[in-house]
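Novice: this is a predicted model, with the sequence first.
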Amino acid sequence: MKHNDMLAMILAGGRGSRLHDLTNKVAKPAVSYGGKYKIIDFPISNCANSGIDVVGVLTQYESVILNSYVAAGGRWGLDAKDSGVYVLPPREKADANLDVYRGTADAISQNIDFIDTFSPEYLLVLSGDHIYKMDYDKMLDFHKENGADATIAVIEVPMKEASRFGIMNTDENGQIVEFEEKPPQPKSNLASMGIYIFSWKLLRKMLVADMKNAESSHDFGKDIIPALLNDSRKLMAYKFKGYWKDVGTIDSLWEANMDLLDKKSALDLGDSSWKIYTQDTNSLPQYIGQDAEISRAFITQGCVIDGQVKNSVLFTGAKVAAGAKVIDSVLMPGAVIEEGAVVTRALVADGIKIGARAVVGSADSENIELVAKRVKGEE
């Protein structure tokens, strides 16, 4: 089903600074996940599966790899006539040296002309750095049924974690009466997922006004949504039930990968009715040596395992040599664990080598160890 009346804009310009060395040279949405995917595959696949045929991807920091990856819209089936994935870097200089979007709303404001080209009735605005599957078509139906000016997807989070999120307080009909950005004393546990549907004509007016306001941060959460509420517009909360993960930290990226080991995981990457499309890598099948020991592992094509792998996720082309142990860890594409090395509760970055008999990470550590530089072993 095609949706020419709704256009999607994915905010994929996050610096991802809490992912440390993983995002030194790569934008956060281009970080690898789940054996063979990139984080950006999820929102774009959701758009393709929801029948949205025009998707703008707004990029900025370290975006060369992300731009070239996204520009090949064919992998999501968005390369037919009247459809496509468009890369939209910033055009205005926020200061003398840097082309950046000043805020999430400014990213849309700078692309009003692009959106107007397609004359959509509705605009879907998404974060590009969350892992989840969602039918935006159902959310649009909800938006229309309720005669909403804006609809915000929300997910219930544990009350003790609610202060980390933008929280929506609603009445008994699900209409949003108040929005609080990271409140110290939250009144509800309905966290914004950073997924918005707006009626485009109204949002366009709000954005034009916001651009002229020198006091504004040009942000949806801080400026546009409060302005809509002050204007007594109808904002609805769309409750999402399913798997959703903000992979903004090393620990949460590790956890999201580890969730794949759970057969009951709500994400289910094998679901043929809602495929997550990605780049097809040309790798040989996985090779498991005769002395290899594997228990509870997620192993992708191109992996070579001669050692021990336990409760771990191995991305394309990872190698575990004889006598090496990989426990409770994530090996990103091309990571190499040499003979006798031991890796525990760690996330090993793309292409990193851990030398012979080196020891990395610990079963007792509170946080996951990120290994983003070569670890020398015994010569």
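Specialist: Noted; the coordinates are in hand.
Novice: surely residue 183 and residue 159 touch.
Specialist: No: if you go by Cβ atoms under 8 Å, residue 183 and residue 159 don't touch, sitting 11.6 Å apart. Bear in mind the C-beta positions are built from the backbone N, C-alpha and C, glycine included.
Novice: more neighbours: which of those two?
Specialist: residue 183 (16 against 10; other Cβ atoms under 10 Å).
Novice: what sits against that one?
Specialist: Listed by Cβ atoms under 8 Å, 6 or more residues apart in numbering, the contact set of residue 183 reads 162, 163, 167.
Novice: which pLDDT value goes with it?
Specialist: pLDDT for residue 183: 90.
Novice: how near is it to residue 176?
Specialist: For residue 183, the distance to residue 176 equals 14 Å [Cβ to Cβ, to the nearest Å].
Novice: residues contacting residue 253?
Specialist: Taking Cβ under 8 Å, 6+ apart as the contact definition, residue 253 lies against 19, 22, 31, 33, 247, 330, 347.
Novice: for the helix or strand where it lies, list every residue counted as buried.
Specialist: Assigned by DSSP states H and E, residue 253 belongs to helix 250-258. For helix 250-258, the neighbour count (16 or more other Cβ atoms under 10 Å) marks 250, 252, 253, 254, 256, 257, 258 as buried.
Novice: which stretches of the stretch 251-379 of the chain form strands?
Specialist: Assigned by DSSP state E, counting those that start in this stretch, the stretch 251-379 of the chain shows strands spanning 287-288, 293-299, 304-305, 308-314, 319-320, 325-327, 330-331, 336-337, 342-344, 346-348, 353-354, 359-360, 369-371.
Novice: what's the fourth one in contact with?
Specialist: Identification of contacts with strand 308-314 by Cβ under 8 Å, 6+ apart yields 34-35, 257-258, 260-261, 292-300, 303, 305, 320, 324-331, 335.
Novice: and the fifth one, by the same measure?
Specialist: With contacts defined as Cβ under 8 Å, 6+ apart, strand 319-320 is touched by 292, 303-309, 314, 326, 331, 335-337.
Novice: average pLDDT for that strand?
Specialist: On average, strand 319-320 scores 96.
Novice: ok, now the second one?
Specialist: Regarding strand 293-299, the rounded mean pLDDT is 93.
Novice: begin at 37, not 1, for the rest of this chat.
Specialist: Renumbered: residue one is now 37, and that last one reads strand 329-335.
Novice: re the thing from before, out of the strands of the stretch 287-415 of the chain, deepest packed?
Specialist: Highest mean neighbour count among these (mean count of other Cβ atoms under 10 Å): strand 366-367, with a mean of 32.
Novice: about what we covered before: among the strands of the stretch 287-415 of the chain, which comes closest to residue 313?
Specialist: strand 329-335 (18.9 Å; Cβ to Cβ).
Novice: still on that earlier bit, next, give me the two most distant ones among the contacts of strand 355-356.
Specialist: Greatest spacing in these, by Cβ to Cβ: 328 and 371 (16.3 Å).
Novice: these two: which has the busier surroundings?
Specialist: Each of residue 328 and residue 371 has its neighbours counted (other Cβ under 10 Å); residue 371 has more, 27 against 15.
Novice: hang on, the earlier thing: out of the buried residues of helix 286-294, which is nearest to residue 321?
Specialist: Lowest distance from residue 321 to these (Cβ to Cβ) belongs to residue 293, with 21.1 Å.
Novice: report pLDDT for the residue nearest the centre of the chain.
Specialist: Of all residues in the chain, the one closest to the mean position by Cα atoms, centre = their mean is residue 165, 2.2 Å from it. In this model, residue 165 is scored at 83, pLDDT.
Novice: now the contacts of strand 355-356 as a markdown table including distance to residue 44?
Specialist: Formatted as a markdown table, the contacts of strand 355-356 follow (distance: Cβ to Cβ, whole Å):
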| residue | distance to residue 44 |
| --- | --- |
| 328 | 43 |
| 339 | 34 |
| 340 | 39 |
| 341 | 39 |
| 342 | 45 |
| 343 | 44 |
| 344 | 44 |
| 345 | 38 |
| 350 | 32 |
| 362 | 38 |
| 367 | 33 |
| 371 | 33 |
| 372 | 38 |
| 373 | 40 |
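Novice: and which of those residues is nearest to residue 85?
Specialist: residue 350 (27.1 Å).
Novice: how far away is the closest one from residue 199?
Specialist: Residue 350 is 36 Å from residue 199, by Cβ to Cβ.
Novice: do the same with residue 333
Specialist: For residue 333, the distance to residue 199 (Cβ to Cβ) stands at 36 Å.
Novice: can you check residue 280 too?
Specialist: Going from residue 280 to residue 199 by Cβ to Cβ gives 18 Å.
Novice: ok, and the closest non-adjacent residue to residue 215?
Specialist: Nearest non-adjacent residue to residue 215, counting by Cβ to Cβ, 6 or more residues apart in numbering: residue 261, 5.2 Å away.
Novice: wait, the one you found sits on residue 203?
Specialist: No: judged on Cβ under 8 Å, residue 261 makes no contact with residue 203 at a distance of 11.7 Å.
Novice: and residue 77, what does it touch?
Specialist: 112, 312, 313, 314.
Novice: run the last query once more with 10 Å
Specialist: By Cβ atoms under 10 Å, 6 or more residues apart in numbering, the contact list for residue 77 reads 65-66, 69-70, 105-106, 111-112, 167, 312-315.
Novice: residue 66 too?
Specialist: 48, 52, 58-59, 74-77, 95, 98-106, 164-165.
Novice: the residues you listed, buried ones only, as a PyMOL selection?
Specialist: A single PyMOL command suffices to select whichever of the contacts of residue 66 are buried according to 16+ other Cβ under 10 Å:
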select buried, resi 48+52+58+59+74+75+76+77+95+98+99+102+103+105+106+164+165
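Novice: show me the contacts of residue 66 that map onto helices.
Specialist: Within those, residues falling in helices by DSSP state H are 77, 100, 101, 102, 103, 104, 105, 106.
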